[in-house]
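[1] below are the sequence and a predicted model for it; my questions follow.
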Amino acid sequence: MGGREIQKETLARVVVAVLMLGAAILIITILRHSDSNEDVNSKVFAALILFVFFSLSALPGFFLIKRRPRLTGLGVLTIGLSAAAYFVALDTFISHSVFVGGDAAVWKLAIIAVVASQASMLLSFRDDSDTRRIDAVVLGSMLALALLAVLVIIEISEPGTEIGRKTWAVISVLYLFGALLPPFLRLAEAEGRS
């Protein structure tokens, strides 16, 4: 059994433990805070939706660890940020029953988790045969993603800033273009070599 297999088993055990802990905390919280059946049902449903969302944001972290073992740190960070964002959002929802405007920290953490997720996704799909051009496109996409995250966090922190819709749109398109382009560049380069 090699070191990488031990790491995967350890990570799997940690994830199982976190899921068990999360389920226990959710059950205790629901039982402790519920006044009516409707209240319990809405909180369970909210917990489920949050779990699905943040599970999806953690998934690229697992892919990154599997496909690019040298980037395990970023993969673990992505999983950790997604788990933290889930628990913070869940606690906020159960405490307030809604996400009020004053919970900017919850939104910021969620944005950071999603950005880490997207970065992990981009890096996990990198191929060893990628050319510098493909690497440059991925890097450009990650820079656009980081800039988009900074703008969103600024807007959350100081609502009404004069960022402008065109700025949002252009940066979003640059990110999407950079995220979608590499597979097609690989195909084009493979055809060019054959």
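    Perfect, thanks for sending it. Everything numeric in this text was worked out from a predicted model, so none of it was measured.

[2] now do the helices in this protein.
    Secondary structure of the chain, counting by DSSP state H: helices at 3-33, 37-67, 72-96, 104-124, 132-157, 165-193.

[3] by mean pLDDT, show me the worst of these.
    Ranked by mean pLDDT, these bottom out at helix 3-33, with a mean of 70.

[4] and the helices of the chain as CSV, adding mean neighbour count?
    The way it works is simple: take the backbone N, C-alpha and C, and place the C-beta from them, glycine included. Compiled in CSV, those are given as follows (neighbours: other CB atoms under 10 Å):
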stretch, mean neighbour count
helix 3-33, 12
helix 37-67, 17
helix 72-96, 20
helix 104-124, 20
helix 132-157, 16
helix 165-193, 13
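
[5] which ones are touching residue 171?
    The neighbours of residue 171, taking CB atoms under 8 Å, 6 or more residues apart in numbering as the test, are 144, 147, 148, 151.

[6] that one and residue 185, how far apart?
    21 Å (CB to CB, to the nearest Å).

[7] what of residue 42?
    The span separating residue 42 from residue 185 equals 46 Å under the rule CB to CB.

[8] how is the protein divided into domains?
    Using automatic domain parsing, the domain ranges for the chain come out as 1-109, 126-194.

[9] got these as CSV, with distance to residue 120 columns?
    Compiled in CSV, the domains of the chain are given as follows (distance: least, CB to CB, whole Å):
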stretch, distance to residue 120
domain 1-109, 4
domain 126-194, 10
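
[10] of those, which approaches residue 117 most closely?
    Nearest to residue 117 among the domains of the chain is domain 1-109; the distance by CB to CB comes to 4.0 Å.

[11] who's in contact with the closest residue to residue 79 other than its chain neighbours?
    Residue nearest to residue 79 in three dimensions, not counting chain neighbours: residue 61, with 4.0 Å by CB to CB, 6 or more residues apart in numbering. Contacts were defined as CB under 8 Å, 6+ apart; by that measure residue 61 touches 74, 75, 76, 77, 78, 79, 82, 116, 117, 120.

[12] hmm, who's touching stretch 18-28?
    For stretch 18-28, contacts defined as CB under 8 Å, 6+ apart pick out 44, 47, 51, 83, 86, 87, 90.

[13] could you measure the second one against residue 165, distance?
    When you say that, I think you mean residue 47. With distances taken as CB to CB, residue 47 is found 34 Å from residue 165.

[14] repeat for residue 151
    Look at residue 151 and residue 165: by CB to CB, they are 11 Å apart.
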